[in-house]
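Enquirer: only the shape, not the letters, is given here:
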């Protein structure tokens, strides 16, 4: 079984300050992990993915995430928030090796608000 | 470059009515997906198509049918709509499965 927990449902930062969105996971198999972003009334966009290569993963728009197996975490960070980063962010897990499954497991989302 | 296009964007149905949600992608992707998004629940996979002519059930397939008409198009049909199917429906695609890369903007479906 697999699950993902996004520790904050809502995060508010000021423009130009760092962003930290927290995600913990559990998986019976070695997981692949993803972050998606969803802007209002839009579909999801893949930000970055971890697939057992480098533990620090760089994504689009200056975001990065670090896979920490000992902490079962995959937190998303950005050094300096921009107004356009205001959106909902989803952490997602997929077990590698469980080839029979098609479904990703989505977290419940973190809404990022960026104050001017 | 349109990406993934979904129609309609909004729809209101009465219980028991049927309808088909349309999805098309112009990226020559092999895999296509249908998800539903409900408040506070993330996305749940309804059906998945690895390639033209193949479909697989996801987490929540009951009450839905799909057709992979060709490589571009993947439709979702509700045969007898129920209020529990009120949701936002997203179509997505990827070069290969099972991780969606590109999403459409969604169809907001209300069933009364």
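Expert: Yes, it's here. Every value quoted in this text rests on a predicted model; they were computed, and no experiment measured them.

Enquirer: leaving out the residues flanking it, which one is nearest to residue A:23?
Expert: Leaving aside its sequence neighbours, residue A:23 sits nearest to residue A:91 (C-beta to C-beta, 6 or more residues apart in numbering or on different chains; 3.5 Å). All C-beta atoms are positioned from the backbone trio N, CA, C, and that covers glycine.

Enquirer: please identify the buried residues of the helix or strand containing that neighbour?
Expert: With secondary structure defined by DSSP states H and E, residue A:91 is part of strand A:87-95. Using 16 or more other C-beta atoms under 10 Å in any protein chain shown as the test for burial, strand A:87-95 gives A:87, A:88, A:89, A:90, A:91, A:92, A:93, A:94, A:95.

Enquirer: just stretch A:74-86 next, same as before
Expert: Neighbour counts over stretch A:74-86 (16+ other C-beta under 10 Å) mark A:74, A:75, A:76, A:78, A:81, A:85, A:86 as buried.

Enquirer: so which elements touch the helix-or-strand element of chain A with minimal mean pLDDT?
Expert: Every helix and strand in chain A was compared by mean pLDDT, DSSP states H and E; the lowest is strand A:105-106, with a mean of 86. Packing partners of strand A:105-106 (3 or more C-beta pairs under 8 Å, 6 or more residues apart in numbering or on different chains; DSSP states H and E): strand A:2-6, strand A:87-95.

Enquirer: could you give the angle of the last one to strand A:2-6?
Expert: Orientation check (axes from the mean of the first three to the mean of the last three C-alpha atoms, to 10 degrees): strand A:87-95 against strand A:2-6 gives 160 degrees.

Enquirer: right, and residue A:35 touches residue A:67 too?
Expert: No. Using C-beta atoms under 8 Å, residue A:35 is not in contact with residue A:67; the gap is 11.3 Å.

Enquirer: helix/strand/coil for residue A:11?
Expert: strand (DSSP: H, G, I helix; E, B strand; the rest coil).

Enquirer: pull the contacting residues for it.
Expert: Applying C-beta atoms under 8 Å, 6 or more residues apart in numbering or on different chains, one finds that residue A:11 lies in contact with A:19, A:20, A:21, A:110, A:111, A:112, A:113.

Enquirer: and these as a markdown table, adding pLDDT and distance to chain B?
Expert: Putting the contacts of residue A:11 into a markdown table (pLDDT from 0 to 100; distance: C-beta to the nearest C-beta, whole Å) gives the following:
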| residue | pLDDT | distance to chain B |
| --- | --- | --- |
| A:19 | 98 | 20 |
| A:20 | 98 | 20 |
| A:21 | 98 | 14 |
| A:110 | 95 | 11 |
| A:111 | 96 | 11 |
| A:112 | 97 | 16 |
| A:113 | 97 | 17 |
